[in-house]
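[1] Dropping a prediction and its sequence here:
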Amino acid sequence: MPRAFHLPGVFFLFCAFALLFLVSLSLPYLPAIDIARVHFEGSPTTNDAALTELRYGIWSYCWYVTGGQRYCSAKGHGYFTVVYNSDRTSWQTVGASWTRGLAIHPVACGLAFVAFVLSLSTQITVALLAALASFLAALLTLIAFAIDIALYVYVKHQMRKLTGVIEHTSTAPAFWMTFAAFILLCLAGCTVCFGRRRDRMAGATSYPMAPKKLSWRDKFKLRR
């Protein structure tokens with residue numbers, strides 16, 4: 001594969017893999033990388049603690065209390081949260097059905113890694129496999145991003161229903177890192193495809209041109 005296409009494709013795949021790898025760790029391992037965040041005013045509570053902020057990650061959620069202390073739930077696939085207002089007369093739940101699908105992020109990460117390893121080869125057949133793996137990883141990443149959007153919208157909808165609580169729900173770094181990884185995987189797949197097509201064009205056999213037909217004047221000159 002020509003270096004003009006090979007090197008950018010490898011770079012895009014590596015960056016996509018790195019982003020998805022960080023997203024796959026998420027909470028509680030990387031506190032700064034989460035899907036959605038909720039900032040509270042009005043002292044809502046969860047687990048009998050006054051909340052100032054709530055963060056949703058891949059494997060757990062973390063909450064911040066007055067004073068800045070951070071606590072996280074037990075790690076697991078599919079967690080749920082329950083938030084009460086200050087006098088516990090109103091509460092809202094985000095069930096496990098909304099967080100269980102987040103596990104698709106590490107699956108997309110693994111496939112992006114396979115595509116990256118395949119892209120290191122310059123063989124045309126392996127390059128085709130790398131392009132297919134890139135597009136499949138992009139599809140899984142798009143599904144993961146759709147799940148992130150659904151979680152963000154649902155969390156915002158639920159927290160707004162708490163009485164006596166002022167909340168501000170926003171997207172977090174992992175949300176946009178997933179979107180960036182999707183763009184990079186699409187670019188990588190296209191780059192590898194273009195590189196493979198250029199290889200095929202360069203390796204195509206050129207047919208010899210038919211000899212030019214001589215006019216009667218040229219034949220007369222040759223006989224002389």
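    Now that the structure is in, tell me what you want to look at. Please read all numbers here as calculations on a predicted model, not as lab measurements.
[2] Mind listing what's buried along stretch 49-62?
    50-52, 54-62 (16 or more other C-beta atoms under 10 Å). All C-beta spots, glycine's among them, are computed from the backbone N, C-alpha and C.
[3] Could you identify the most distant pair in those residues?
    Spanning the widest gap among the buried residues of stretch 49-62 are A50 and I58, at 25.8 Å by C-beta to C-beta.
[4] still on that earlier bit, closest one to Y152 out of the buried residues of stretch 49-62, please.
    Using C-beta to C-beta, the buried residues of stretch 49-62 come closest to Y152 at Y56, 8.4 Å.
[5] contacting residues for D87?
    D87 makes contact with G164, according to C-beta atoms under 8 Å, 6 or more residues apart in numbering.
[6] For the helix or strand in which T125 is found, list every residue counted as buried.
    Taking DSSP states H and E as the definition, T125 sits inside helix 124-160. Residues 126-127, 129-131, 133-138, 140-145, 147-149, 151-152, 154-156, 158-159 are the ones in helix 124-160 that count as buried (16+ other C-beta under 10 Å).
[7] gap between the residue nearest the centre of the chain and T191?
    Residue closest to the average C-alpha location in the chain (C-alpha atoms, centre = their mean): T178, at 3.1 Å. According to C-beta to C-beta, to the nearest Å, T178 stands 20 Å off from T191.
[8] same check, this time on Y29
    32 Å.
[9] want to try CSV for the buried residues of stretch 49-62, with pLDDT and secondary structure as columns?
    Shown next, in CSV, are the buried residues of stretch 49-62 (pLDDT from 0 to 100; DSSP: H, G, I helix; E, B strand; the rest coil):
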residue, pLDDT, secondary structure
A50, 78, strand
L51, 84, strand
T52, 88, strand
L54, 93, strand
R55, 95, strand
Y56, 96, strand
G57, 95, coil
I58, 94, coil
W59, 94, coil
S60, 93, coil
Y61, 94, strand
C62, 93, strand
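[10] which among those residues gets closest to F40?
    Top of the list for closeness to F40, among those and by C-beta to C-beta, is L51 at 5.1 Å.
[11] Was I right to think that closest one contacts G67?
    No. Contact criterion C-beta atoms under 8 Å: L51 and G67 do not qualify, at 11.8 Å.
[12] related to what we said a few turns ago, tell me who's in contact with the residue nearest to the residue nearest to the centre of the chain when sequence neighbours are not counted.
    Counting by C-beta to C-beta, 6 or more residues apart in numbering, F145 is the residue found nearest to T178 once chain neighbours are left out, at 4.9 Å. Contact analysis of F145 by C-beta under 8 Å, 6+ apart lists 175, 178-179, 182.
[13] The closest residue in space to S90 that isn't next to it in sequence: neighbour count?
    Nearest residue to S90 in three dimensions, chain neighbours excluded: T163, at 4.3 Å (C-beta to C-beta, 6+ apart). Neighbourhood size, T163 [other C-beta atoms under 10 Å]: 12.
[14] how about T163, phi and psi?
    Main-chain torsions, T163, degrees, to the nearest 10: phi -80, psi 140.
[15] Next: G95.
    Per degrees, to the nearest 10, the backbone of G95 is at phi -70, psi 170.
[16] and it, how many neighbours?
    14.
[17] before we move on, the earlier item: and the helix holding T125, average pLDDT?
    In this model, helix 124-160 carries a mean pLDDT of 93.
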